[in-house]
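Participant: One predicted model, sequence on top.
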Amino acid sequence: MLNSAILIKVQERLNKLSSSDYDNIESWQIIEAFCKAQVDWCRRNLHGLNIKKEGDEQSTRRIDDLQKLLVPVSLIMNNKQTYYESVNFPNDYLQWKRVSCKATSECCPKPKPMVIYLAEIANVDELLRDKNKQPNFEWGETFATLSDNNLKIYTNDLFAPVEVEFYYYRQPRKIQIAGVVDPYTGVTSTTEVISEFKDDLVEVMIDEAVKILAGDIESMTQYQRATQSVENNN
C-alpha cells in the first residue's frame, strides 16, 4: 500500500481530512504512529495477546502475517572455552525462533547435527553439572542462552559448533515519505519506503496507528472504534 493512502486513511479515521483545528496531525506524526503500530502489533501477536490467543505459528493466519519477519542469519562464533559466543548478532532482532548448527570434535572432525534448546541463564550452572542436560556431543544435544545481544552455545569445551544458523523475527521496516522529516533520525527523507506487509495487514496497522494517535489527542470515540477494529480483524 502506498504511503499516501496510509496518510489519507489515518486522517479519515481521525476525522481530520478537512479539519484545521489544533488537533491537526502532521505527516511525520502519522509516520511515527504507524511505525510504532507495526512494532506493537508484532510484539502482541508473537506473544499471542489477541482475541484468538494465537502466538506465532499457532494458526495459518499467524504464519501468513508474520512469515515476512522470520529470517535466518549465519553466525560467527568465538570460543570462550565453556561456550561459544556470537560476534555478529543481528541489529534488527525482535524475537527468538530457533538456532541450528553442526559440531565437530577432536575424535570426530566430520560435522554432526546438533539439537539446541534455549535455556535460562539462571539455570546455566545446574545444566552444566546435570549429566542428563549438560552439553553432550555423543547425543548431539546442548543448550544456548541469550544475553547482552549475544547468543551463547554451551559446549563444556567438548566440541566446536560450526555452520550456526540463527532464525529470528526481525524488527519491521520503518516507512518513510520523501520530503517529510523522519521522526527517528530528524533528517528529511529523500526516498519513499513503503510498508513491507501485505495490504490487508496494513489496514489493521492503520487502525493500530489511529488508536495511538487518538489516545495522544484524547479522542476517545476514535480510540474505542480503532481498538475494536484492530481486535476484530486479528
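Facilitator: Right, received. Where do you want to start?
Participant: List the buried residues for stretch 204-222?
Facilitator: The neighbour-count check on stretch 204-222 (16 or more other CB atoms under 10 Å) flags 204-214, 217, 219, 222 as buried. Where you see a C-beta, it was placed from the backbone N, CA and C, and this is true even at glycine.
Participant: before we move on, what about stretch 225-234?
Facilitator: Buried residues in stretch 225-234 (16+ other CB under 10 Å): 225-227, 229-230, 234.
Participant: likewise stretch 173-182?
Facilitator: In stretch 173-182, counting by 16+ other CB under 10 Å, buried: 173-177, 180-182.
Participant: In the residues you listed, find the pair that's most separated.
Facilitator: 173 and 181 (18.1 Å; CB to CB).
Participant: Nearest to residue 56 among the buried residues of stretch 225-234?
Facilitator: residue 234 (13.3 Å).
Participant: can you tell me how far the most centrally placed residue in the chain sits from residue 226?
Facilitator: In the chain, the residue lying closest to the centroid (CA atoms, centre = their mean) is residue 94, at 3.1 Å. Counting by CB to CB, to the nearest Å, the gap from residue 94 to residue 226 is 23 Å.
Participant: And for residue 145?
Facilitator: 39 Å.
Participant: Run through the neighbouring helices and strands of the strand or helix carrying the residue nearest to the centre of the chain.
Facilitator: Using DSSP states H and E, the element containing residue 94 is strand 93-104. Under the contact definition 3 or more CB pairs under 8 Å, 6 or more residues apart in numbering; DSSP states H and E, strand 93-104 sits against helix 27-47, strand 112-118, strand 150-154, strand 160-170.
Participant: May I ask which two of the buried residues of stretch 204-222 are separated the most?
Facilitator: 204 and 217 (21.0 Å).
Participant: Make sure I have this right: residue 108 is in a helix.
Facilitator: No - using DSSP: H, G, I helix; E, B strand; the rest coil, the assignment for residue 108 is coil, not a helix.
Participant: Could you check the pLDDT of it?
Facilitator: pLDDT for residue 108: 87.
Participant: Give me the phi and psi for the closest residue to it other than its chain neighbours.
Facilitator: Distances taken as CB to CB, 6 or more residues apart in numbering place residue 137 nearest to residue 108, at 7.3 Å, with adjacent residues excluded. When quoted as degrees, to the nearest 10, the phi and psi of residue 137 stand at phi -70, psi -40.
Participant: got a list of what residue 137 touches?
Facilitator: Neighbour list for residue 137: 103, 105, 108, 112, 158-159 [criterion: CB atoms under 8 Å, 6 or more residues apart in numbering].
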